[in-house]
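>>> model the following, please.
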Amino acid sequence: MTEENKKAKSKLPLIIAAVVLVVVLAGAGGWWYFQQQAKHVEVPVPEAIPPAALVKKPVFLPLTKFVVSVPGDDRLHYLMLELSIMSYNQEQLDLVQEFMPVVRNAIITLLSELHYNDLTQPGIMEPLQVALREKVQKVMNDMASSNGIDQVLITKLVVQ
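Numbering: from 1, shown residues only. Purely as a prediction, here's the structure:
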């Protein structure tokens, strides 16, 4: 064998090792790049939507301020309350508008029966909202055979 063939044969394993090393490094670099890209992909999580909201958007009817005196142990106290009535049907809120004096009377009657000590208890908001909703639903059912009131929301409450 000539000297050139010997040199070429001795370099052949070195060239093969270099090519294999380049291929392995390129593969590892590609794998690392795609792993980093996978970490930054954000998957949107759908929010839980109530079934009624899928059908229609809610509409609100804000009611003007209610000021009622409530009895206390030692003296008379005052309750100031602002409400909004929620429905998924605008026609139902139009009916409430027509019967507003009766609705306001029912709400004032309910509020004036409350005691100051009950109103200052923690967690009173939810039971009060439920009682107000039931009262408004009953009045609207009696007056117009309507039961499209979904919620009564307390937007402001002050007890003195």
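
>>> excluding sequence neighbours, find me the nearest residue to Met143.
Phe99 (5.0 Å; Cβ to Cβ, 6 or more residues apart in numbering). Yep, even glycine has a C-beta here, placed from its N, CA and C like the rest.

>>> how much space separates that neighbour from Asn89?
Applying Cβ to Cβ, to the nearest Å, the value for Phe99 to Asn89 is 15 Å.

>>> what about those two, which has more around it?
In this view Phe99 and Asn89 are compared by other Cβ atoms under 10 Å, and Phe99 has more residues nearby, 18 against 15.

>>> distance of Pro101 from Leu12?
103 Å.

>>> scratch that, Phe99 is what I was asking about
Applying Cβ to Cβ, the value for Phe99 to Leu12 is 99 Å.

>>> now Leu119
94 Å.

>>> what does Gln92 give?
From Gln92 to Leu12 the distance is 88 Å (Cβ to Cβ).

>>> which of the two has more neighbours?
Ranked by neighbour count (other Cβ under 10 Å), Gln92 and Leu12 place Gln92 first, with 21 against 10.

>>> need the pLDDT of that one.
With respect to pLDDT, Gln92 scores 88.

>>> got the contact list for it?
Gln92 makes contact with 140, 146, 148-149, according to Cβ atoms under 8 Å, 6 or more residues apart in numbering.

>>> what does Ser69 give?
So Ser69 contacts 76-79, 112 (Cβ under 8 Å, 6+ apart).

>>> what number of residues lie near Gln129?
With other Cβ under 10 Å as criterion, Gln129 counts 15.

>>> now it: which helix or strand?
Here Gln129, judged by DSSP states H and E, is contained in helix 125-144.

>>> which helices and strands does that helix pack with?
helix 90-98, helix 100-112, strand 151-159 (3 or more Cβ pairs under 8 Å, 6 or more residues apart in numbering; DSSP states H and E).

>>> pass me the low-pLDDT residue ranges in the chain, would you?
Applying pLDDT under 70 to the chain picks out residues 1-9, 38-55.

>>> with that, I have no additional questions.
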